[in-house]
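A.B. asks: Based on what follows, work out the 3D shape:
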Amino acid sequence: MKVRYHPDARAELLDAVEWYEERRPMLGADFLTEMRRAETMIARRPAAWPRWPSVVVDVRRFKLARFPYCVAFQVAGDEIAVIAVAHQKRAPFYWQDRARP
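C.D. replies: Sure thing, here's the model as predicted:
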C-alpha cells in the first residue's frame, strides 16, 4: 500500500525531525528512521493497529517505540493516509478535522 501524508502531517514530521536534530546530531535521523519503520509496518497490516479511542471516524494509531509520538492514519482504498504525526503529551485530537468520514 502507498503511504500519503496530509500536508499538515508532513509539516509535523519535518518539525519533529528538526527539533530532535537540534537536540543531538543524528537524533532527527533516528526519528525519521523510526517513522519509515512505522510506515512499513502500517502498510503491511493496516487493520492490525488499534482504532484511536474517542474518535468518531475510523482513525487508527501506531505508537512509535522510541519517541513519544503516534501516527494517526486512515485506510483509503489501497492507500494509507497519514493525517497526523502527533506528540502523545500535547493537545489531543487537534487533528480530527483532517480525518475523512
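A.B. asks: Work out which residue lies at the spatial centre of the protein.
C.D. replies: For the chain, Val71 is the residue whose C-alpha lies nearest the centre (CA atoms, centre = their mean; 2.1 Å).
A.B. asks: what's Tyr5 in contact with, if anything?
C.D. replies: Leu13, Val82 (CB atoms under 8 Å, 6 or more residues apart in numbering). In this view, the C-beta of every residue, glycine as well, is placed from N, C-alpha and C.
A.B. asks: From Pro101, how far out is it?
C.D. replies: 20 Å (CB to CB, to the nearest Å).
A.B. asks: what secondary structure does Ile80 sit in?
C.D. replies: strand (DSSP: H, G, I helix; E, B strand; the rest coil).
A.B. asks: Next up, the contacts around Lys63.
C.D. replies: Contacts of Lys63 (CB under 8 Å, 6+ apart): Tyr69, Cys70, Gln88.
A.B. asks: Name the residues linked to it by a beta bridge.
C.D. replies: Under DSSP bridges, the beta-bridge partners of Lys63 are Cys70.
A.B. asks: how near is it to Pro53?
C.D. replies: Note on Lys63: its distance to Pro53, by CB to CB, is 13 Å.
A.B. asks: Count the neighbours of the residue nearest to Met1 when sequence neighbours are not counted for me.
C.D. replies: Closest residue in space to Met1, ignoring its immediate chain neighbours: Ala43 at 4.4 Å, by CB to CB, 6 or more residues apart in numbering. Around Ala43 there are 15 other residues, counting by other CB atoms under 10 Å.
A.B. asks: other SSEs contacting the helix or strand encompassing Ala43?
C.D. replies: Element membership for Ala43 (DSSP states H and E) is helix 27-44. If contacts are counted by 3 or more CB pairs under 8 Å, 6 or more residues apart in numbering; DSSP states H and E, helix 27-44 sits against strand 2-5, helix 7-23, strand 60-63, strand 69-76, strand 79-87.
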